[in-house]
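Chemist: Please find the sequence and the predicted model below.
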Amino acid sequence: MARPAGPTDKTRFPAEPSLALERMMNEYGSSVLRTAYFYLGDRHLAEDISQEVFLRAYRNWTSFRGDSSVKTWLTAIAINACRDKLGLKMTREQPTDPVLMPGAALRSVEEEALERLDQTTILKYIVKLPAHYHEVIYLYYYLDLGTREIAEATGAPEGTVRGRLHRARELLSECLAKEGLA
């Protein structure tokens, strides 16, 4: 599941910022939007942050060295923008699964209903965890980032990320067991 954060994939993108931006938006637009929604819990704010992320990426494309993958770089920008916004935000909507937002891939009704029940139930417990725990759970399981990529995106040491992921799993398991869901 997890991929190493090794060599960059920046070379897959055009050198021209406007062309690179278009490709980044096509490949990672929904991922950035879901990340912003996960952090903020508000669809309109998430859309604003998503636009801000791609504006920052456009402005900084030529200075992006490619030490991480483009996905990790965009995720880091999104996380920082959301953290900035959270300092200003006073209320939060009831959390819902970001995968269920309009624009998610179409599936059969049965698959969608079962997945919605599982993910929404689990997500409600994930967001009850302390922020640094639900952050690593989201990045690892929802965005499929490896621990090194999460460390790069959040600015935390990789060992800390692994520890938080382990502890988050334990806390989530305990919480689900209490509710009879595990």
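Modeler: Received it, and whenever you're ready, just let me know what you need.
Chemist: from here on, contacts and neighbour counts on C-alpha atoms
Modeler: Will do.
Chemist: how does the chain divide up, domain by domain?
Modeler: Using automatic domain parsing, the domain ranges for the chain come out as 7-94, 106-182.
Chemist: So for the first one, mean pLDDT?
Modeler: Going back to what we said before, that points to domain 7-94. For domain 7-94, mean pLDDT rounds to 87.
Chemist: Please name the nearest non-neighbouring residue to the residue nearest the centre of the chain.
Modeler: For the chain, the residue sitting closest to the mean C-alpha position, by CA atoms, centre = their mean, is residue 35 at 3.5 Å. Distance criterion CA to CA, 6 or more residues apart in numbering; nearest residue to residue 35, sequence neighbours excluded, is residue 78 at 7.1 Å.
Chemist: likewise residue 47?
Modeler: residue 33 (6.3 Å).
Chemist: what's the helix or strand for that neighbour?
Modeler: helix 17-40 (DSSP states H and E).
Chemist: Other residues contacting that helix?
Modeler: Outside helix 17-40, the residues within contact range by CA atoms under 8 Å, 6 or more residues apart in numbering are 13-14, 43, 45-47, 49-50, 53-54, 57-59, 61-62, 71, 74-75, 78-79, 82-83, 86, 92, 95, 97-99, 143.
Chemist: Quick one, which of these are buried?
Modeler: 43, 45-47, 49-50, 53-54, 57-58, 61, 71, 74-75, 78-79, 82, 95, 97-99, 143 (16 or more other CA atoms under 10 Å).
Chemist: ok, back up a step: filter the contacts of helix 17-40 down to the ones in helices?
Modeler: 43, 45-47, 49-50, 53-54, 57-59, 71, 74-75, 78-79, 82-83, 86 (DSSP state H).
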